[in-house]
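Novice: show me the folded form of this:
(one chain, ligands or ions: 3)
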Amino acid sequence: MSLAKGMTALSPSNRRKLLIGAAAAAGAAGLAGGLWWRHGDDRMRGEEPARAPLPVRDPAFPNALRVPGARGMYGVIDITGPLAIVAKTVHHEILPGKPVAMLGFEVEHEGNRYVNPVLRVASGAGVRADFWNALEETSIIHWHGLKVDANNDGHPHYAIPASSTYQYNYRVPNRASTYWYHPHAHGRTAAQIHQGLAGLYIVEDAEELALRKALDFELGVTDVPLVLQDKRLDETGAPYYGPEGSEWMHGYLGNGVLVNLTDRPHLDVTARVHRFRVLNASMARIYRLAFESGGRMLDFALLGGDGGLLPAARPAREAFLSPGERVDIALDFSRVGPGASVTLKSLAFDPMCGPAPAPGVGTGPDCVTPPGGRAGSRPPQAPPLADGSPIELMKLYVLAARAPVRAIPAALSPGGIPGHSGASVRRVAIDHHRMAWRINGRLFDMRGIGLTVKSGSREIWEISNPADGMPHPMHMHGFQFRVLERAGSPEQVRRLALAERGLTATDLGWKDTVLVWPGETVRIGIEFTHHYVGDQVYMFHCHNLQHADRGMMVNVRIAA
Ligand code: C2O
Ligand code: CU
Ligand code: CU
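Specialist: Ligands and ions are numbered 1, 2, ... in the order given. Down below sits the predicted model:
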């Protein structure tokens, strides 16, 4: 196995530390700064750090964002040899000063201990990983987005009991992008992810290395993964998972959104282009992402999505991100200038959470379930944030840049994305019945094959969602697909459409998860081509984890 030569090893950023130190020493000088940068960003570009204004720190975001480093939580491991990944109870401070027991993927590697490591690997490289299940229940690791064979996919059918191991051995067939790994034991996926099990999986190739070189990106410094997780924390600061009643139908919402398992985080950036690889690893919450500074929304560049870079960067000002999806975003902070602060937000939207699940079980307009359990059945905790409500996710403080600002290259992936014609159409209908969401009128049957596809065939799947339903992020294992058309979209989505097929910017490029809103029919094109021998069974499911755990999944056999 050989990793691409020339991959930059992750190094702690002395530059960043220096700047943070300088900012802290100088204290708040932000008011003057705010006026100063309005004179225009061109003047700022060559400015000396010492003379640059400093941002005003917002006490509502007291915690430094956890970023991938050399070890520990989210430490980066370049996969160059066999790994042992242990799912187990770990002790961690989600809220500062409140250590709690939660779950994590622990890896010992070259003398260091990692929890939920960012696994980084070259496209085409071989991966050998032993999964050790040290939980008290069944589990399995699924590599979300990877086009591996069924034996290595981590389909719930392969879940192993407590105290046993599963061996993975595969070659990474994907192009560069941000993928992720998480448990997938049927009925327990939401609980295990909510308790902490989830990590990023970064694949790299020549296109990625070219972009990184052009924009001088460094993972953990100027290339920052943001794992968004809506969690319910109890008063001790521990994740509490206990959906009741209609929470199984609407999804279990958190009472706070953590970014990289950091509560109310801030991050210092410099006045240059930064990249954010944003993953929605929440159970049910959808975000409408935007960056705001001084009361206006900032333009950002959409570099890519689930399955890698777009042919060219696309300007955008907001993006919906549903559970399972990723967006790769670049933001040029030289345009706001040193001294500014920027808020990463989820803007308000209509969550469209559908009908009351049963007479007498009202859900209210914001989808928040009234406390359904007996008094005292849950540990004390703050009430969940309403679905679709505006949320300030993170504060970014802009410090002076040391190097000239570089522009985002026009072409990111010159190969483009092939067209999709001559395919047969398959209808996939979503509905609900007795408080459960279904695919083609059926609930998941672990051993049954719901859909059979001939290996090598091209198909268009026409996914329809009834108008009285709720949004469903539909995810395919084993393949990446393209979104071809969006019809019947609600106004808040139609506004974002780029052309007559109704696609929004985040529909472009390769996808493994697509959000289907109530009333929509979304057509996706899939080429079921791979080189694996024999039948392969994957699945297609909703990535709202309560929906998935309650059976909104279907097995898909790729017949050799
Ligand atoms: Cu991330 Cu089967 O899912
Ligand atoms: Cu997946
Ligand atoms: Cu769903």
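Novice: who in the stretch 401-550 of the chain is up against ligand 1?
Specialist: Residues of the stretch 401-550 of the chain lying close to ligand 1 (CB under 6 Å from any ligand atom) are His475, His477, His541, His543. Where you see a C-beta, it was placed from the backbone N, CA and C, and this is true even at glycine.
Novice: and the two most separated of these?
Specialist: His477 and His543 (11.0 Å; CB to CB).
Novice: those residues of the stretch 201-350 of the chain touching ligand 1, which are they?
Specialist: So the stretch 201-350 of the chain meets ligand 1 at Gly324 (CB under 6 Å from any ligand atom).
Novice: quick one, strands of the stretch 201-350 of the chain?
Specialist: 223-231, 256-259, 265-270, 273-280, 287-293, 296-297, 300-305, 308-316, 319-321, 326-332, 341-346 (DSSP state E, counting those that start in this stretch).
Novice: so what's the residue count around the closest residue to Glu235 other than its chain neighbours?
Specialist: Nearest non-adjacent residue to Glu235, counting by CB to CB, 6 or more residues apart in numbering: Pro380, 4.7 Å away. Pro380: 9 surrounding residues under other CB atoms under 10 Å.
Novice: Provide a list of residues in contact with the residue of the chain found nearest ligand 1.
Specialist: Closest residue of the chain to ligand 1, CB to the nearest ligand atom: His144 (3.5 Å). By CB atoms under 8 Å, 6 or more residues apart in numbering, the contact set of His144 is Tyr179, Trp180, Tyr181, His182, Tyr201, Gly324, His475, Asp512.
Novice: likewise Ser164?
Specialist: When contacts are counted by CB under 8 Å, 6+ apart, Ser164 touches Asn133.
Novice: go with 10 Å
Specialist: By CB atoms under 10 Å, 6 or more residues apart in numbering, Ser164 lies in contact with Phe131, Trp132, Asn133, Ala134, Thr138, Ser139.
Novice: how much space between Asn112 and Thr165?
Specialist: To Thr165, Asn112 is 22 Å away according to CB to CB, to the nearest Å.
Novice: for Ala319, that is, sorry about that
Specialist: Taking CB to CB, one finds Ala319 at 39 Å from Thr165.
Novice: those two: which has the busier surroundings?
Specialist: A direct count of neighbours by other CB under 10 Å for Ala319 and Thr165 places Ala319 higher, at 20 against 13.
Novice: the more buried one pairs with what?
Specialist: For Ala319, the beta-bridge partners are Leu289 (DSSP bridges).
Novice: measure how buried Val67 is and give me the count.
Specialist: 22.
Novice: now do the one 4 residues further on
Specialist: Other residues within reach of Arg71 by the criterion other CB under 10 Å amount to 16.
Novice: with the one 5 residues further on instead?
Specialist: Residues within reach of Val76, counting by other CB under 10 Å, total 21.
Novice: again, but for the one 3 residues further on
Specialist: Neighbourhood size, Ile79 [other CB under 10 Å]: 21.
Novice: excluding its backbone neighbours, what's nearest it?
Specialist: Setting aside the residues directly before and after it, Ile79 is nearest to Val121 in space (CB to CB, 6+ apart), at 4.3 Å.
Novice: and Asn169, by the same measure?
Specialist: Per CB to CB, 6+ apart, closest to Asn169 is Arg128, 5.1 Å.
Novice: would you confirm that the one you found belongs to a helix?
Specialist: No: per DSSP: H, G, I helix; E, B strand; the rest coil, Arg128 lies outside any helix segment and is strand.
Novice: quick one: average pLDDT of stretch 174-191?
Specialist: Averaged across stretch 174-191, pLDDT comes to 98.
Novice: now it, how far from the centre of its chain.
Specialist: Remark: stretch 174-191 is offset 10 Å from the chain centroid, using CA atoms, centre = their mean, to the nearest Å.
Novice: show me where the stretch 351-500 of the chain has its helices.
Specialist: With DSSP state H, counting those that start in this stretch as the criterion, the stretch 351-500 of the chain has helices at 491-494.
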